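Peer 1: coords please:
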Amino acid sequence: MKNRFCTGFTAGAAAAGLKKKKGARDLGIIYSEVPATAAGVFTRNRVQAAPVRLDRERIAAGVCRAIIVNSGNANCCTGSKGMADAVAMGRFAADALGVAEETVLVASTGVIGQPLDIEKVATAMPDLVASLRPDGLDDVAEAMMTTDLAPKVVSRTGEIDGHPFTVVGAAKGSGMIRPDMATMLCFVCTDAGAAAETLQTSLSRSVDRSFNRITVDGDTSTNDTVLVMANGRSSAVVDSPEREAVFGAVLDEVLMELARMIVRDGEGATKLVEIAVTGAESDAAARLVADTVAHSNLVKTALFGEDANWGRIIAAVGRAGTPIDPDRIDIRFDDVLMVEGGMGGGEAAEVRATRVLKTPEFTISIDLNMGEGGASALTCDFSLEYVRINADYRS
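Peer 2: Numbering: from 1, shown residues only. Below you'll find the model as predicted:
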């Protein structure tokens, strides 16, 4: 997986000894050779890790030279030492790179409530900086994995007025995934040029269309962070609504694909399922229904059991908190009409729907027949493996 990065950025990873597995890379860094504008979106959980609080302060300046990230420890609920460690982590990177400390953003992921061994980070810093290379983003994606089964990197290109640009993103996430900003870590780089305010607007919109539409288990993390850097090394400039729309479409592609990869890689997941709602009174109403069905543990366990139990779906629709008429609801599993006018299609339809449920990816379509509103959400099944992973996560 080479040449996925964009002009003017390098990345790398090293083993600091923060993960239990000896020799596993657990420290990553992304570096912009020139000052980049920056934007960020963070968790809405009121319990926030030290790196999140630090980045909230630093992102206000809209400038970034580097992002440093560790796995194996969330540096959350660690008191004043945790904040001091987050600051020190950024300072180590700044000193090694020769950049201003306030232009380094910090991220952590792992177990909550355990002090970060900051000396291990300091010791690994020379190896980390030495690892920087243009095709090193895959190493960063691997280093920030926790229960992820695979690293997640996506690259797309676009063109503004004949000038090409690249957007590339790396993400981690498998558990503690619920739409409430973005329930994971994600770092995005682009060689397009954009003001920090423009970048923030584009990022917030794209996050709402992607990471805010996914769920694995309904839990929101304390460390959720999405950061984007734009270093302007290409000739493409995002400086008008029309150009912002072009850039935003490419950013959407990157974040949507990363979102799908996260749900597909959900802890213990065997199925990726889109919940597509149409015919609602408004888009907001459709989103409520889609989210409620996607979050339902009863629906998710039925998906794992490959049971066409549409009663669980229609029950979730009914508790979504938006007006519906049960006698108008149609439900499809891909192209199989399972429910029409609020009534089941019988044994023959269930047999066909069960065939769909046995496939690894499919869509559950819910037509409320109430209006023109629509929305969708991505979810996965709940398996026995999910329980096993989370029963002994700390051990």
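Peer 1: check which residues of whichever strand or helix holds residue 262 are buried.
Peer 2: Using DSSP states H and E, residue 262 maps to helix 241-264. Applying a neighbour-count criterion of 16 or more other Cβ atoms under 10 Å, one finds 243-244, 246-248, 250-264 buried in helix 241-264. Any C-beta I mention is one placed from the backbone N, CA and C, and that applies to glycine too.
Peer 1: swap in stretch 288-303?
Peer 2: By 16+ other Cβ under 10 Å, the buried positions in stretch 288-303 come out as 288-296, 299-303.
Peer 1: which two among these are spaced furthest apart?
Peer 2: The span of the buried residues of stretch 288-303, defined through Cβ to Cβ, is set by 288 and 301 at 21.7 Å.
Peer 1: quick check: buried residues in stretch 94-111?
Peer 2: 94, 96-97, 99, 102-110.
Peer 1: what about that stretch, how long is it end to end?
Peer 2: End-to-end distance for stretch 94-111, by Cα to Cα, to the nearest Å: 26 Å.
Peer 1: any weak-confidence spans in this structure?
Peer 2: Residues of the chain meeting the criterion pLDDT under 70: 1-4, 174-183, 217-221, 392-395.
Peer 1: what residue spans form the domains of it?
Peer 2: Domain ranges of the chain: 9-264, 272-391, per automatic domain parsing.
Peer 1: just list the residues touching residue 25, thanks.
Peer 2: Counting by Cβ atoms under 8 Å, 6 or more residues apart in numbering, residue 25 makes contact with 13-15, 139, 142-143.
Peer 1: highest neighbour count among those?
Peer 2: Among these, residue 143 has the most neighbours (other Cβ atoms under 10 Å), with 31 neighbours.
Peer 1: please name the residues that touch that residue.
Peer 2: Counted by Cβ under 8 Å, 6+ apart, residue 143 has contacts 13-14, 25-28, 69-71.
Peer 1: quick one: which of those residues sit in strands?
Peer 2: With strands taken from DSSP state E, the overlap with those comprises 13-14, 27-28, 69-70.
Peer 1: save the residues you listed as JSON lines, and put in distance to residue 20 too.
Peer 2: Shown next, in JSON lines, are the ones in strands among the contacts of residue 143 (distance: Cβ to Cβ, whole Å):
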{"residue": "13", "distance to residue 20": "17"}
{"residue": "14", "distance to residue 20": "17"}
{"residue": "27", "distance to residue 20": "15"}
{"residue": "28", "distance to residue 20": "18"}
{"residue": "69", "distance to residue 20": "18"}
{"residue": "70", "distance to residue 20": "14"}
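Peer 1: among those, which two are most distant?
Peer 2: The largest separation in these, counting by Cβ to Cβ, is between 14 and 69 at 11.5 Å.
Peer 1: so where do the helices sit in this protein?
Peer 2: Taking DSSP state H as the criterion, the chain carries its helices at 50-58, 79-97, 118-130, 137-143, 196-209, 241-264, 283-295, 297-304, 310-318, 347-357, 384-391.
Peer 1: tabulate the CA atom coordinates of the fifth one in PDB.
Peer 2: Just to be clear, that refers to helix 196-209. Extracted in PDB, the C-alpha atoms of helix 196-209 (Å, rounded to 0.1, in the frame of the first residue of the first chain):
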ATOM      1  CA  ALA A 196      -8.900  27.200   8.700                       C
ATOM      2  CA  GLU A 197     -12.500  28.400   8.800                       C
ATOM      3  CA  THR A 198     -13.300  26.800   5.500                       C
ATOM      4  CA  LEU A 199     -11.600  23.600   6.500                       C
ATOM      5  CA  GLN A 200     -13.700  23.500   9.700                       C
ATOM      6  CA  THR A 201     -16.900  24.000   7.900                       C
ATOM      7  CA  SER A 202     -16.100  21.200   5.400                       C
ATOM      8  CA  LEU A 203     -15.000  18.800   8.100                       C
ATOM      9  CA  SER A 204     -18.000  19.300  10.300                       C
ATOM     10  CA  ARG A 205     -20.300  18.700   7.300                       C
ATOM     11  CA  SER A 206     -18.500  15.600   6.200                       C
ATOM     12  CA  VAL A 207     -18.300  14.100   9.700                       C
ATOM     13  CA  ASP A 208     -22.100  14.600  10.100                       C
ATOM     14  CA  ARG A 209     -22.600  12.700   6.800                       C
END
